[in-house]
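[1] Okay, sequence plus prediction incoming.
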Amino acid sequence: MKIGDIVVVIGNSSISKLIQKTVDSKWTHVSLYIGGGYFLEIDWNTKASLVKDPYTFGELDYVVLRSKERLTKNQQLSITSVACRYNKTGNKYDWLLLLALYLKTKWPRWKFLKRLNEKNSYVCTELVSKVMEEVGVDLFPGHDGIIYPHDFLTCDKLQPVLFAKNKVS
């Protein structure tokens, strides 16, 4: 893996099942590789944190995506630095935005949904997108702010570099 790689996951928790039904996609989670075996994560039951090798045990199906434009050394260093800042501040999970993701599937043009986004709270897609934007890689320019995990798979600025299939299934 390289710093800046984005992992898109098919989760198997009860929240993942709910997300799958809500957004009509099997993809439920994203995280950002920051180097040294660490990933920036935020999940429904955690705050933003750095996690060591969460995908090395073959329990989940996932895709690793990489920027089509090679990241500069400065961008790579910035990703690590920005991720460490989010780890230190421990931003909480944005349950209201998760609700907005569901509501967006029912009423995609409803403008009120943006107001459900809590300041300094994030869902995984928002956190990864924000870190990348802070280092000069705007993955979803002009997007309304609500991003689904499967949106990363169709992002024209990313390319798949690894598909990992669950060894148990």
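    That came through fine.
[2] In three-state terms, label the residue nearest to residue 5 when sequence neighbours are not counted for me.
    The spatially closest residue to residue 5, leaving aside those adjacent along the chain, is residue 33, at 4.2 Å (C-beta to C-beta, 6 or more residues apart in numbering). From N, CA and C alone the C-beta is placed, and that goes for glycine too. At residue 33 the chain is in strand, as set by DSSP: H, G, I helix; E, B strand; the rest coil.
[3] quick one: buried residues of the longest helix seen in the chain?
    Under DSSP state H, the helix in the chain containing the largest number of residues is helix 73-89. For helix 73-89, the neighbour count (16 or more other C-beta atoms under 10 Å) marks 75-76, 78-80, 82-83, 86-87 as buried.
[4] give me every residue that touches the nearest residue to residue 31 once chain neighbours are set aside.
    Excluding the flanking residues, the one nearest residue 31 by C-beta to C-beta, 6+ apart is residue 39, at 4.5 Å. Residues near residue 39 by C-beta atoms under 8 Å, 6 or more residues apart in numbering: 7, 31-33, 50-51, 53-55.
[5] Adjacent strands (with direction) for the strand or helix carrying residue 39?
    Assigned by DSSP states H and E, residue 39 belongs to strand 38-41. Here strand 38-41 is paired, per DSSP bridges, with strand 29-35 (antiparallel), strand 49-52 (antiparallel).
[6] any low-confidence regions in the chain?
    Applying pLDDT under 70 to the chain flags residues 56-58, 95, 97-98, 101, 109-120, 144-145, 167-169.
[7] repeat that with 50
    Scanning the chain with the threshold set as pLDDT under 50 gives 168-169.
[8] show me where it has strands.
    6-10, 29-35, 38-41, 49-52, 61-67, 92-93, 121-122, 158-164 (DSSP state E).
[9] got the buried residues for the fourth one?
    In this case it means strand 49-52. Residues 49-51 are the ones in strand 49-52 that count as buried (16+ other C-beta under 10 Å).
[10] quick one: which of those is nearest residue 24?
    residue 51 (27.8 Å; C-beta to C-beta).
[11] Kindly provide the distance from the closest one to residue 108.
    For residue 51, the distance to residue 108 equals 32 Å [C-beta to C-beta, to the nearest Å].
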